[in-house]
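K.L.:
mind folding the following:
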Amino acid sequence: MKNAVKPSPAPQALHLCRTSARPWHTLRRLAVMLTIASMGTSPVAARIAVDGCYWTYNGRRTLLLGGWNHAHNPFIDHDTANDTDSQGVSTVEEIQDAMDVLVQAGGNYLRCVLDPGMAAGIQGFDFCARAGAQYDLDTMTGPFWTRLEMFVAEAKK
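P.N.:
This next block holds a predicted model:
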């Protein structure tokens, strides 16, 4: 098939945004719709809407742009320098620099999974205070939560 014409990547990308060609797109849309539906008649629900690959926030249609070269959660529990990934935890400065690079590239979206994941092997499982042999799930302590608070504060800037 030497003369076969390859389809343009742009129409394919648009196709993926407009249809549920892949099962996880359907699941993601369902999760977003359920989240928005669970907001009920709150003021937030009136300001946010989903439209394909766009969000509408306060009446303004916005394409969410984000990206990272790591599949898990680099800002919270992993090394942001994936090219030199040593399974270490990024410093505050590395996280701030990575966020700045994303913003300079036009990014406006960061994915943050609230899962200790890699940090479990690096930081231990003490993500909340202990009362004897049991964890106190009402008191979140430790480096994971400190890093999460820093991440949220930096993302707000």
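K.L.:
name the element residue 62 belongs to?
P.N.:
If you go by DSSP states H and E, residue 62 is part of strand 60-63.
K.L.:
just the C-alphas of that strand, formatted as PDB.
P.N.:
Taking C-alpha atoms only, strand 60-63 is exported to PDB below (Å, rounded to 0.1, in the frame of the first residue of the first chain):
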ATOM      1  CA  ARG A  60     -15.800  31.500  29.300                       C
ATOM      2  CA  ARG A  61     -15.000  28.400  27.200                       C
ATOM      3  CA  THR A  62     -11.500  27.200  28.200                       C
ATOM      4  CA  LEU A  63      -9.300  24.400  26.800                       C
END
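K.L.:
just checking: what are the partner strands of that strand?
P.N.:
In the sheet, strand 60-63 lines up against strand 54-57 (antiparallel) (DSSP bridges).
K.L.:
buried stuff in the strand it pairs with?
P.N.:
The neighbour-count check on strand 54-57 (16 or more other CB atoms under 10 Å) flags residue 55 as buried. Quick note: C-beta positions are derived from backbone N, CA and C, even for glycine.
K.L.:
quick one: average confidence on it?
P.N.:
Strand 54-57 shows a mean pLDDT of 76.
K.L.:
where does the protein dip in pLDDT?
P.N.:
Low-confidence segments of the chain (pLDDT under 70): 1-53, 68-89, 113-129.
K.L.:
repeat that with 80
P.N.:
Low-confidence segments of the chain, defined by pLDDT under 80: 1-58, 64, 66-92, 94-95, 109-137, 139-148.
K.L.:
and it, what are its domains?
P.N.:
Annotated domains of the chain cover 1-64, 67-157 [automatic domain parsing].
K.L.:
now residue 146: how far from residue 133?
P.N.:
Separation of residue 146 from residue 133 (CB to CB, to the nearest Å): 24 Å.
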